[in-house]
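>>> Quick one: sequence and predicted model below, then my questions.
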Amino acid sequence: MNKINKKQLIIVGIIAIVVAYFSLSSKDEPKQDEALANFYKKDEVSAKKLFVSIEASGLIEAISSVEIKSKASGEILFLGAEVGDFISKGSMLSQIDQRTPKNILDQSKSDLTASNVRLKNAEAQFNRGKELHEKGSISDKDFEDIQENFAQAKSTLVRTQVTYENAKIALDDTVVRSPVSGTVISRPVEVGQVISSPTQAVGGGTVLMTMADLSKVRVRALVDEIDVGKVSIGQKVSIKVAAYRDKEFFGTVSKIEPKARVEQNVTTFPVLIDIDNKENLLLLGMNTDVVIDVLNTFSEQKFERRGDDIYCLDKKLNVSIATVSPVSTLIHFGVNVDASGAPVAAIGLKDLGIDAEKFAKQVLGLVCKEVENIYEASVKVFTV
């Protein structure tokens, strides 16, 4: 008997709580309605832009960089640039020890002088030998020897001239000048270090510094293989970096590399995005978050709302149906995935290069958030 009484008391208690809840709720209904009215705002029906995008991350890198090397070997006597310096084309970057090249130049110059004297002597002998040979004073063999000496003197002069010119070039190579205008991004050597020439060393020679033009950089973004089919050259891209959270940079897709990268069983493709960097705010190696606007290839004017329907390129993009019954009114709205076989001129997400699954997840995510907002607004409690 006691057990039955306890159960009855529990049931009565639950009923009392429910009644009290509904009585309090009925009193707060005007306040909840007022909260909903403040939460939502009425607006005129108008066409809105549909954003479908691809998100990825990447690093900022130079579009082109140049490794500066010296054709001359020897000790570095002077370096004219530090990392971060902007250097104009033709500016002096380094000076290599000139003693050995200068000695070689002096020697080749003296050899050239001697070759000129030998050639003059050989020419004079040739002229005298020719006269004597015509008179029959010397044999054919002696005249042939004179001709050979004359030819060798000419050849020796050409060789010494080439050696002299090469020696001058080698001396000029001890002064390293910038081949391009740009910023020094690395300098692995110091004054006093002995370097090797790339024309003599098997390893390719010593890199003095690396320069790059930072007025225009690029992002190497890794895009998932599911989304890479929707990326095309020329699409506009929004870029953000942690250093400038309130600033948005814009770029253009310039290349989609054909070779994939696989890391931890995730396949991605590098997409190169060119960015103007006139203010030099973007630095090499910065991490970036990029958003590629998939619909950017279609101009905003090509999307148009006609009543409850959306048209793209003058083709119907959606399906909308309203049904009315004595107890309910339902509005069905859908977006075409594949428009083939449609009874009217229609276009689908496939035609626009949009992944239907990702598009649906984005839309459903927005719907779920809207439902959550409605629920939060409806259960707000206001103090009296």
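Yep, it's here.
>>> Each with direction, which strands does whichever helix or strand F333 is part of pair with?
Assignment of secondary structure by DSSP states H and E places F333 within strand 329-335. The pairing partners recorded for strand 329-335 under DSSP bridges are strand 318-324 (antiparallel).
>>> so how far is the strand it pairs with off the chain centroid?
45 Å (Cα atoms, centre = their mean, to the nearest Å).
>>> Can you spell out which helices and strands pack onto the strand ranked longest in the chain?
Ranked by residue count under DSSP state E, the longest strand found in the chain is strand 244-256. Contact analysis of strand 244-256 by 3 or more Cβ pairs under 8 Å, 6 or more residues apart in numbering; DSSP states H and E lists strand 216-224, strand 236-241, strand 266-276 as its packing neighbours. For glycine as for every other residue, the C-beta is placed from the backbone atoms N, C-alpha and C.
>>> burial of the nearest residue to K71 once chain neighbours are set aside, as a residue count?
On the basis of Cβ to Cβ, 6 or more residues apart in numbering, the spatially nearest residue to K71 that is not a chain neighbour turns out to be D173, at 4.0 Å. Residues near D173, counting by other Cβ atoms under 10 Å, number 17.
>>> Provide the partner residues of the residue lying closest to G251 once chain neighbours are set aside in its beta bridges.
The spatial neighbour of G251 that comes closest, neighbours along the chain excluded (Cβ to Cβ, 6+ apart), is I275 at 3.9 Å. Applying DSSP bridges to I275 gives these bridge partners: V217, G251.
>>> This protein: helices as residue ranges?
With DSSP state H applied, the chain shows helices at 2-39, 99-135, 140-172, 356-378, listed in chain order.
>>> Using JSON lines, lay out those together with distance to R306 and mean neighbour count.
Formatted as JSON lines, the entries for the helices of the chain read as follows, by distance: least, Cβ to Cβ, whole Å; neighbours: other Cβ atoms under 10 Å:
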{"stretch": "helix 2-39", "distance to R306": "30", "mean neighbour count": "11"}
{"stretch": "helix 99-135", "distance to R306": "80", "mean neighbour count": "15"}
{"stretch": "helix 140-172", "distance to R306": "73", "mean neighbour count": "15"}
{"stretch": "helix 356-378", "distance to R306": "21", "mean neighbour count": "12"}
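>>> Comparing these, which yields the minimum mean pLDDT?
The weakest mean pLDDT among these belongs to helix 2-39, with a mean of 49.
>>> Pretty sure Q125 sits against Q152.
No. Contact status for Q125 versus Q152: not in contact, 11.9 Å apart, counting by Cβ atoms under 8 Å.
>>> quick one: stretch 222-231 to chain centroid distance?
Centroid displacement of stretch 222-231 relative to its chain, using Cα atoms, centre = their mean, is 15 Å.
>>> how long is it from one end to the other?
The first residue of stretch 222-231 is 12 Å away from its last residue (Cα to Cα, to the nearest Å).
>>> I'd like to check what contacts it. Which residues are they?
Identification of contacts with stretch 222-231 by Cβ atoms under 8 Å, 6 or more residues apart in numbering yields 54, 56-58, 253, 256, 260-261, 266-271, 292, 294, 353-355, 358.
>>> try it again with 7 Å
54, 56-58, 253, 256, 260-261, 267-271, 292, 294, 353-355 (Cβ atoms under 7 Å, 6 or more residues apart in numbering).
>>> same check, this time on stretch 144-164
Contact with stretch 144-164 is made by 108-109, 111-112, 115-116, 118-119, 122-123, 125-126, 129, as judged by Cβ under 7 Å, 6+ apart.
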